[in-house]
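>>> Would you be able to build a 3D model of this:
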Amino acid sequence: MASRRTEGSLIKMVHAARHSDLPGRARATVAIAAVALLVAGCGGGSAGQESGQATSAGSPTASDVVVNVVGTEYSFAPSVLKVSPGETTIRFTNRGATEHDFRIDALQVNLTAQPGKSAQTTVTLEPGTYKVYCSVPGHRESGMQGKVTVS
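Okay, here's the model as predicted:
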């Protein structure tokens with residue numbers, strides 16, 4: 001967010017441009033540039049997990065590859081993942097109304113998330129096909145399963 005000092009400086013630039021001896025087109029250019037700087041300073045907010053963007057607490061992430069999976073009643077999206085071998089971060093977001101998890105037994109991955117929350121882990125993937133499922137009783141049987149193909 002732009003500071004009050006920055007806002008004040010930019011507003012002064014707009015007023016100065018409006019009342020200067022610059023030709024009309026130059027005044028408009030200065031005013032537009034000042035407004036653009038003000039808007040750029042106000043943008044952003046926080047990059048949240050719900051947006052699907054990788055987040056960091058000031059240090060680089062462990063992996064450049066991030067796979068996002070969303071769980072709801074009673075499915076994963078996507079249910080079939082195709083990824084390359086190597087270090088990969090798996091982020092599971094629960095958009096359902098009850099607790100769900102994302103399990104890959106062969107890789108010892110168990111990400112549990114309450115409704116509206118996310119969990120993630122970084123794993124080194126070897127070539128192969130891995131079954132994924134939700135281990136909450138009844139969820140797998142209701143269709144909450146899929147696979148990860150690493151090739």
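
>>> any idea of the mean pLDDT in stretch 133-147?
Stretch 133-147 carries an average pLDDT of 97.

>>> which residues does Thr124 contact?
86-88 (CB atoms under 8 Å, 6 or more residues apart in numbering). Quick note: C-beta positions are derived from backbone N, CA and C, even for glycine.

>>> What strands flank the helix or strand it falls within, and is each parallel or antiparallel?
Using DSSP states H and E, Thr124 sits within strand 118-125. Looking at strand 118-125 with DSSP bridges, its partner strands are strand 86-94 (antiparallel).

>>> tell me which residues of the strand it pairs with are tucked away?
88-94 (16 or more other CB atoms under 10 Å).

>>> got a list of what Val66 touches?
Here Val66 is in contact with 54, 88-91 (criterion: CB under 8 Å, 6+ apart).

>>> Check what pLDDT it gets.
96.

>>> roughly how far apart are it and Leu125?
13 Å (CB to CB, to the nearest Å).

>>> Report the set of residues contacting both of these two.
Thr88.

>>> quick one, strands of this structure?
66-72, 75-77, 80-83, 86-94, 100-104, 109-113, 118-125, 128-133, 145-150 (DSSP state E).
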